[in-house]
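Colleague: Below are the sequence and a predicted model; questions follow.
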Amino acid sequence: MAEFTEPEMKISAEEMASARIPLRYRDYCAHMLVPLNKCRHRTMYMPWKCTDERHAYEECQYHDFMRRSKMLAQIKESKD
């Protein structure tokens, strides 16, 4: 069976709770969601604002999805 290392959580559970991040968004990219939400609140959710923060968060989400996909493929491959 393949060995996997979990990515490091860069934000604590207490920090996520104080930033009022919903449970379903408390993943390995939550540390990027905090500044994005602050920017969104500051700019009243204008879609053309906070593009750098949003891009960084979406890129983190993509890389996390790719990591999980590779992990699943390796698990399926090792079972065969």
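Modeller: Yep, that arrived.
Colleague: which regions of this structure lie under the pLDDT threshold?
Modeller: By pLDDT under 70, the weakly predicted segments of the chain are 1-2.
Colleague: redo that, cut-off 80
Modeller: For the chain, the stretches with pLDDT under 80 are 1-4, 80.
Colleague: Report the distance from the longest helix that it contains to the chain centre.
Modeller: The residue-count maximum for a helix in the chain (DSSP state H) belongs to helix 51-79. Here the centre of helix 51-79 is set off from its chain's centre by 9 Å, with C-alpha atoms, centre = their mean, to the nearest Å.
Colleague: Mind giving me the packing neighbours of it?
Modeller: helix 30-42 (3 or more C-beta pairs under 8 Å, 6 or more residues apart in numbering; DSSP states H and E). C-beta coordinates here come from the backbone N, C-alpha and C atoms, glycine included.
Colleague: now the longest helix of the chain and helix 30-42, what's the angle there?
Modeller: Counting by axes from the mean of the first three to the mean of the last three C-alpha atoms, to 10 degrees, helix 51-79 lies at 150 degrees to helix 30-42.
Colleague: Return the set of buried residues in helix 51-79.
Modeller: 53, 57, 60-61 (16 or more other C-beta atoms under 10 Å).
Colleague: wait, what's in contact with residue 53?
Modeller: Residue 53 makes contact with 32, 35-36, 39 under the criterion C-beta atoms under 8 Å, 6 or more residues apart in numbering.
Colleague: Among those, which one has the most neighbours?
Modeller: For the contacts of residue 53, neighbours were counted using other C-beta atoms under 10 Å, and residue 32 has the most, 20 neighbours in all.
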